[in-house]
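**Q** with the sequence up front, the predicted model follows.
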Amino acid sequence: MRKVSFLLLFLTAALFAQAQIATNIYWVQFTDKNDSPYSIDNPEAYLSDRALQRRANQGIGIDEYDIPVNPQYLQAVADCGAQLLNPSKWLNGVSIYTYHQEVIDAINALEFVESVRNCPNNPKAQEQKERWLANEMKAVESQRDMKGYYGGGATQINQINCAALHDSGYDGKDVIIAVLDGGFYGTDTHSCFDNMREEGRLMGVRDFVYGSTSVYSQSTHGTSCLSTMAAYVPNTFVGTAPKAFYFLMHTEDGYTENIVEEYNWVSGAELADSIGADVCSTSLGYIDFDMSQWNHPFEHYDGHTAPMTIGAEIAASRGIICLNSAGNEGDGICTLGIPADAEHILSIGAVNGSGTRAYFSSVGPTYDGRIKPDVMAMGEGTYVADGYGDYYNGNGTSFSNPVMAGAVACLRQALPYASVQEICDLVRQSGNRADNPDVRYGYGIPDLAKALELHPVEENPILAEEIINVYPNPSQGEVRVALKEGHNADVNVYDIMGRHLYSYSFNGLNHTTLENYLNQLGSGVYFLKATSELGNQTTKLVLTR
């Protein structure tokens, strides 16, 4: 599967004028975010506390990308007679639905509209995508022993040594994984997800294709992908992140192959950011569309051209670890699907249970010469759940990707303060081909336990109360800071935008100076990062004067 790049967004108006309004979906590109009611000084209005904490952990500030699309612009487009679909703050536009040329003319006349671009359909590319999905969902003969805690999932988990992370207590607990796919039929009923539902770890769902309140239709593809991470039926099937939280998003339209699906995905990734997701798993990729004017030629695979690639890069810059299937196009020169070309994500190829590359696994390099895929996981004969209450062995990088995404979520649990780049580098460095990567295997099959060992011990996180305790929190008055007895600590104070405000070293006896500083701060959210011989600790302080 594939879709379009921003290079095409600057095609001449004459080209689009030749197209009839045979279809009804358009992308409206805005010129700016002027006069917005939102600002970078009040991110609580559009980002959750969880999202702000993730950024504070990684030292990431707020910028203009984070500001939502101007609601006045959206209302003006709606007033022209269009039905609004999905706005995107990162791309600063909105997808719309209309049949009428006069509506498009009225929108084009708005002073803050840069362009309106038609996203037409044709069944040709969709048929190719359906064949690809059918091959992935086709059961293959199982050669796996069902005994043991992981059941049918044992080979795919042990191949990347994810079990070692589980044994150390890193099973995805408190990590949020956003799963963006083409439908999750059966996820609400399959027994392998009972534990996730019973423990309240299914955080929510969102349909970016139809705008409905359910994602449990159209396809079982997302269900099978999700199962490689979230399944928890000991001795039958346990996934790579069995205790993580999940948010399911339907962004892929199973009936068309349309550039708007890339924009759907970006809107989904923005939601993942706003709720505080740590990991984004996507088993989708786009190359050719129903209308060839949107197709992705080789030069689009440069890491910053296609809309979905741009969105993936922005998501990574917000502190989300994005993983994407490399694709199922086999050998050639750059057979990847967009956004597998993105530089700061992990693109996952497929191997079988013996570690041999699957014949269908897509290869690089990118247009600018970078190695892709990044790493490999089991995508041939992968054990997955179907949407009908059973299990099967399937083929596709759609499955190798979530296998790895769940494992990376466990690594994120172990290293909550590591940056996205650090996590991705650790995964690559732990690969069995790290010393000699290539465009067919990338850096090879990772060893997740080795990845954790490669991270400097002194930078690993510690439990919250081990260095300082800040109380009361939230506070409407004075703030107290207590240091664990017998230790010294360096404390740095940051605001919600990640700007450094204050540094202080104390030993527990001279806490008054730090408290006096905190007590002079105005209402807002602040972060205190304490560093001692014990490690690092970041604490959020909420002041309501």
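**A** Here it is on my side, so go on.
**Q** tell me the SS of G81?
**A** coil (DSSP: H, G, I helix; E, B strand; the rest coil).
**Q** my guess is it meets A106, correct?
**A** Yes: counting by Cβ atoms under 8 Å, A106 is a contact partner of G81 at 7.0 Å. (Glycine included, C-beta is placed from N, CA and C.)
**Q** and those two? Which one has more around it.
**A** For the pair G81 and A106, the greater number of neighbours falls to A106 (19 against 15), based on other Cβ atoms under 10 Å.
**Q** got a list of what that one touches?
**A** For A106, the contacting residues are 80-81, taking Cβ atoms under 8 Å, 6 or more residues apart in numbering as the criterion.
**Q** doesn't it belong to a helix?
**A** Yes: secondary structure assignment (three-state DSSP) places A106 inside a helix.
**Q** could you find the closest non-adjacent residue to G444?
**A** In space, G444 comes closest to R433 once its chain neighbours are excluded; the distance is 3.1 Å by Cβ to Cβ, 6 or more residues apart in numbering.
**Q** what residues does that neighbour make contact with?
**A** Residues in contact with R433, defined by Cβ under 8 Å, 6+ apart, are 441-445.
**Q** quick check: it vs G355, distance?
**A** Using Cβ to Cβ, to the nearest Å, one gets 10 Å for the distance from R433 to G355.
**Q** cool, and D386?
**A** 26 Å.
**Q** one more: V479?
**A** For V479, the distance to G355 equals 54 Å [Cβ to Cβ].
**Q** for these two, indicate the residue with more neighbours.
**A** Higher neighbour count among V479 and G355: V479, with 21 against 13, using other Cβ under 10 Å.
**Q** correct me, but the more buried one touches L541?
**A** Yes: between V479 and L541 there is a contact under Cβ under 8 Å: 6.8 Å.
**Q** anything in contact with each of the two?
**A** The contact sets of V479 and L541 overlap at 470, 473, 518 (Cβ under 8 Å, 6+ apart).
**Q** partner strands of whatever helix or strand the first one lives in, with direction?
**A** If you go by DSSP states H and E, V470 is part of strand 468-471. Its sheet considered, strand 468-471 pairs with strand 480-483 (antiparallel) by DSSP bridges.
**Q** let me see the mean pLDDT of the partner strand.
**A** Averaged across strand 480-483, the pLDDT comes to 84.
**Q** mind starting the numbering at 47 from now?
**A** From this message on, residue numbering opens at 47, which makes the last subject strand 526-529.
**Q** name the residues that touch that strand?
**A** Under the criterion Cβ under 8 Å, 6+ apart, residues 513-518, 535, 537, 552-554, 557, 560-561, 564, 574 lie in contact with strand 526-529.
**Q** could you pick out the buried ones from those residues?
**A** Using 16 or more other Cβ atoms under 10 Å as the burial test, the contacts of strand 526-529 include 513-516, 535, 537, 552, 557, 560, 564, 574 as buried.
**Q** any chance of CSV for the residues you listed, columns pLDDT and distance to S270?
**A** Formatted as CSV, the entries for the buried ones among the contacts of strand 526-529 read as follows, by pLDDT from 0 to 100; distance: Cβ to Cβ, whole Å:
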residue, pLDDT, distance to S270
I513, 82, 43
I514, 85, 45
N515, 85, 45
V516, 87, 45
A535, 86, 48
V537, 91, 47
F552, 80, 53
H557, 78, 54
L560, 89, 52
L564, 92, 50
L574, 87, 43
